[in-house]
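Enquirer: Quick one, structure for this:
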Amino acid sequence: MVRLVKKGDFVEIEYTGRIKEENTVFDTTDEKTAKESSIYDPKAQYGPIIVCIGQSHVLKGLDESLENKDIGKEYKAEFGPEKGFGKKDAKLIRLVSTSKFTKQNINPVPGLQINMDGAIGTIRTVSGGRTLVDLNHPLSGRDLVYKFKILRLVDDDSEKLKSLLKLNLGIDDAQVSLSEGTASVALKKSFPSHVEKIVADMAKNLIPGIKALKFSENKKEKPTDAKQKPEEKSHEKGSSNGEKPSDKP
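Expert: Now for the predicted structure:
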């Protein structure tokens, strides 16, 4: 009997998203597709990703489309703004003085993305000393099309936990170990306790095999003078002024 994936399953997926009207790629897990579509980001990590179905790890429209699908088959999902990046909100379109940008040495031109009062906006028009800034998501109001494939069902609890750490904390080099329902996570840097608690509660809720989660900081020890090589110690014994012993009698 075919095992269809369901809500709560951890799955490894690959996908490519397009804007329906223009048939242009805006998001993909495939590096080659990103380069061919001129959206390649050298700082991004490409390749399949692991998500938990129903947890909004991807756009709502794609997330819902993953349910009750077969592993290994390619599917197509189409959905509107309400399940994508939202509808356009007129309140987020503002007309401001162009001088606000020129005083910051910014030349406002249509299409330029800027940070305005902590929010990312796109300049739509510049006219008569006024600039129209759209603070909606650049893809708000757009219909989207995704092609996706579920590569495998993830059963290993350690792999599930690592996927949550990557999705929620942005780290993929954590050292994870499991023992009798307790997961130990060693990180290169610590996070605020409330952040760690959120991730811990999420892990316990989504991964039945994990009953408790402990975080620790994995600090590398710096070498001390006591850990010198044997040959270095012998040099110190042979010369009181720090010079190497002479070969001359």
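Enquirer: V2: neighbour count?
Expert: Other residues near V2 number 5, with proximity taken as other C-beta atoms under 10 Å. C-beta: built from backbone N, CA, C; applies to glycine.
Enquirer: so how far is D156 from it?
Expert: 22 Å (C-beta to C-beta, to the nearest Å).
Enquirer: I'd assumed V199 was in a helix, is it?
Expert: Yes. In this structure, V199 lies within a helix as judged by DSSP: H, G, I helix; E, B strand; the rest coil.
Enquirer: which residues touch it?
Expert: 164-165, 168-169, 213 (C-beta atoms under 8 Å, 6 or more residues apart in numbering).
Enquirer: how about I50, what does it touch?
Expert: 10-13, 154, 159-160, 163.
Enquirer: can you pull the contacts of the closest residue to K188 other than its chain neighbours?
Expert: Nearest non-adjacent residue to K188, counting by C-beta to C-beta, 6 or more residues apart in numbering: N218, 5.8 Å away. Taking C-beta under 8 Å, 6+ apart as the contact definition, N218 lies against 175, 186-188.
Enquirer: Over to L144?
Expert: 17-20, 59, 61, 78-80, 84.
Enquirer: Give the next helix or strand downstream of the helix or strand L165 falls within.
Expert: Using DSSP states H and E, L165 sits within helix 157-169. Sequence-wise, the next helix or strand beyond helix 157-169 is strand 175-179, with elements assigned using DSSP H and E.
Enquirer: just to revisit the earlier point, please tell me which one of the contacts of I50 counts the most neighbours.
Expert: Counting by other C-beta under 10 Å, top hit in the contacts of I50: F10 with 24 neighbours.
Enquirer: wait, that one sits on V154?
Expert: Yes. The pair F10 / V154 is scored as a contact, 4.0 Å apart, by C-beta atoms under 8 Å.
Enquirer: list the residues that contact both of the two?
Expert: With contacts taken as C-beta under 8 Å, 6+ apart, the residues that reach both F10 and V154 are 50, 160, 163.
Enquirer: Below-threshold pLDDT in the protein: ranges please.
Expert: Under the criterion pLDDT under 70, the flagged ranges of the chain are 1, 219-249.
Enquirer: Pop the domain breakdown of it in here.
Expert: Under the assignment named as automatic domain parsing, the residue ranges that make up the domains of the chain are 1-86+140-155, 90-134, 156-220.
Enquirer: Next one: K188 from Y146, what distance?
Expert: Note on K188: its distance to Y146, by C-beta to C-beta, is 34 Å.
Enquirer: who's more crowded, these two?
Expert: More crowded of K188 and Y146, by other C-beta under 10 Å: Y146, with 21 against 12.
Enquirer: contacting residues around that one?
Expert: Taking C-beta under 8 Å, 6+ apart as the definition, contacts of Y146 comprise 15-18, 59, 61-62, 65, 76-78.
Enquirer: how would you label it: helix, strand or coil?
Expert: Classification of Y146 using three-state DSSP returns strand.
Enquirer: can you give me the strands in this structure?
Expert: Counting by DSSP state E, the chain forms strands over residues 10-19, 24-28, 49-52, 74-79, 93-97, 113-116, 119-127, 130-134, 144-153, 175-179, 182-187, 212-217, given from the N-terminal end onward.
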